[in-house]
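Trainee: Here you go, sequence then predicted model.
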Amino acid sequence: MGVRKAKHGGILTFIFSLISILWVCPIVIVLINSFKKKSFISNEPFSIPTGKVFVGLDNYINGIEKIDFFSAFFNSLFITVGSVFVIVLCTSMCGWYITRVKNKFTSSIYYLCVFSMIVPFQMVMFTLSKIADMLKLDNPLGIILVYLGFGAGLAVFMFCGFVKSIPLEIEEAAMIDGCTPIQTYFQIVLPVLKPTCITVAILQAMWIWNDYLLPYLVLDLKKYKTIPIAIQYLKGGYGSVDMGAMMAMLILAIIPIVIFYLCCQKYIIEGVIAGAVKG
Amino acid sequence: MEKSIKKYFPIFALPTLIAFTIGFIIPFVLGVYLSFCNFTTINDAKFIGIDNYTKIFTDETFVHALWYTALFTVVSVITINVIAFAIAMLLTKGIKGTNIFRTVFFMPNLIGGIVLGYIWQLILNGVLLYFERTLTFSATYGFWGLIVLMNWQQIGYMMIIYIAGIQNVPGELIEAAKIDGATSGQILRKVTIPMVMPSITICSFLTLTNSFKLFDQNLALTAGAPSNKSQMLALNIYDTFYGRVGWEGVGQAKAVVFFIMVAIIAVIQLGATRQKEVQQ
């Protein structure tokens, strides 16, 4: 499809520019407030900090100390990267296996995975947190297994959908030439699956990085917090809310996401589209 | 070939299956069983039949949360999809700056629910300050606050899907309709919308389930205030579990009812919009 010429291009560009500015306003307002003295934030959130109201980086230093932001950041990073890696590796292998080996057992796994996608987390939250406790999965390494289990449904479903479209002949040729199934998988199948791997990785990363309730119920909170948990603690754990620290921590929570987004924008948008078509 | 792959079951499928069993199958089955029990932890469960289920609908907070969630879901699904579709239509006309606008609109989607909740708490409380009110003044403020928040978060995501759908409509089809003398309103209704029906199916499905299952945003924005009046179903279930002693069984029963509702809605919705899809 060629680019259609717009009739009112100039006016539309102008209107959309205004809406775009409005769209980022909430974040800018939080950014401005993060430099204000905490007692002025709730009373006059839309004013520019000047003179006495401006406190520089005090809120940031204060907030980082209060919730130990960097340890929360590294927990979030470790859990997200670890889980995404494990999910992509394990579920792509599983998806390939259950598509290529056809029997009642594998097709029942497939339907269980589809079924699990519509089950809301509240349905399993209590039992899952107790089981995770019993099996000592209440640490960043253990929670990766929990994420693999709870995230497997969507991932296996998507990989199965893609594996079905790969012609069988390539794999057969590799096997006849003497490849073991493991070699066939890593040298032939996985490279072909790469676009789906990226899609699954993006969708899972967006979910796990921002997830609040699952890590809140599973992790041993005295030792490990993720960023959403740390931010929620800022409200719950200290009586009245320190608005200054809150604003600063919101900004610190947003910055890594924005950087990640601007670097991988192409993949994220393609991932979202591909995920929607398969879903 | 199938036979030689089959031998590798422990390497290919077993890790995922073990995790899936621990992370989903066992908690799900146990959850269904516990909904018929009186318990505080898993080990002291006593079977009591359907008592938990009869208690649910005498619990006023649940009934209120159910209506609140239903209304919220309807309003947010309509607003998000209509606005996202309109923006997608305008951004496929090839105006200057389309890529920048798309980038900006999509960005809020990557921010997590808890962070979003606190961002909008600040903004909305700031606006309401001029009227000497706060978000927690009444559940109506919490309701519209959540609608604004969800729109800000989800429009970008749905817009991306709609743009992909609209770009897939063959240009000849639109040209042909124009030559036949169709007005732009007619083209939209008779050509574009039927052709992007798959996108409409998936977007309405996503917004429907996202809104119905909403938890983080609800917790961060109002946490149910005032007096649980702005509480949605997911938060109500959470509260029943961890906020009231001796109600764990009822909480689990509520969760089962919640799951069944999500499943029914998903099936009906997919069935209804899939019917309208046309073959390309």
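Mentor: Sure, I can see it.
Trainee: Could you point out which residue ranges in chain B have low pLDDT?
Mentor: Chain B contains residues with pLDDT under 70 at B:1, B:278-280.
Trainee: Kindly state the domain boundaries assigned to it.
Mentor: As given by automatic domain parsing, the domain ranges for chain B are B:2-51, B:59-275.
Trainee: In the helix with the most length in chain B, which residues are buried?
Mentor: For chain B, the helix with the greatest residue count under DSSP state H is helix B:60-91. For helix B:60-91, the neighbour count (16 or more other C-beta atoms under 10 Å in any protein chain shown) marks B:61-62, B:64-66, B:68-70, B:72-73, B:75-77, B:79-81, B:84-85, B:87-91 as buried. Every C-beta, even on glycine, is put in place using the N, C-alpha and C of the backbone.
Trainee: Regarding residue B:46, what are the backbone dihedral angles?
Mentor: Dihedral pair for residue B:46: phi -120, psi 130, per degrees, to the nearest 10.
Trainee: residue contacts, residue A:233?
Mentor: Going by C-beta atoms under 8 Å, 6 or more residues apart in numbering or on different chains, residue A:233 touches A:67, A:225.
Trainee: Which pLDDT does the model give the closest residue to chain B within the stretch 151-279 of chain A?
Mentor: Residue of the stretch 151-279 of chain A nearest chain B, by C-beta to the nearest C-beta: residue A:210 (2.9 Å). Looking at residue A:210, its pLDDT stands at 92.
Trainee: Could you do residue A:61 as well?
Mentor: 91.
Trainee: count of residues packed around the residue lying closest to residue B:100 once chain neighbours are set aside?
Mentor: Counting by C-beta to C-beta, 6 or more residues apart in numbering or on different chains, residue B:100 lies nearest to residue A:20, which is 7.1 Å off, once chain neighbours are set aside. Neighbour count of residue A:20, defined by other C-beta atoms under 10 Å in any protein chain shown: 17.
Trainee: orientation of the host helix or strand of residue A:20 relative to helix B:60-91 in degrees?
Mentor: Per DSSP states H and E, residue A:20 falls inside helix A:9-33. Counting by axes from the mean of the first three to the mean of the last three C-alpha atoms, to 10 degrees, helix A:9-33 lies at 140 degrees to helix B:60-91.
Trainee: Show me which residues of helix A:9-33 are buried.
Mentor: Those would be A:12, A:13, A:16, A:20, A:23, A:26, A:27, A:29, A:30, A:31, A:32, A:33, for helix A:9-33 by 16+ other C-beta under 10 Å.
Trainee: Tell me the gap between that helix and the middle of its chain.
Mentor: Its chain's C-alpha centre and that of helix A:9-33 lie 25 Å apart, by C-alpha atoms, centre = their mean, to the nearest Å.
Trainee: What lies in contact with the following helix or strand past it?
Mentor: Downstream of helix A:9-33, the first helix or strand assigned by DSSP H and E is helix A:38-41. Helix A:38-41 has contacts (C-beta under 8 Å, 6+ apart) with A:33, A:47, A:49, A:53, A:59, A:242, A:243, A:244, A:245, A:247, B:122.
Trainee: List only those of those flagged as buried.
Mentor: The neighbour-count test (16+ other C-beta under 10 Å) marks A:33, A:49, A:59, A:242, A:243, A:244, A:245, A:247, B:122 as buried among the contacts of helix A:38-41.
Trainee: among those, which two are most distant?
Mentor: Using C-beta to C-beta, the buried ones among the contacts of helix A:38-41 reach their maximum pairwise distance at A:49 and A:242, which is 16.4 Å.
Trainee: does residue A:136 sit in a helix, a strand or a coil?
Mentor: Assigned with DSSP: H, G, I helix; E, B strand; the rest coil, residue A:136 falls in the coil class.
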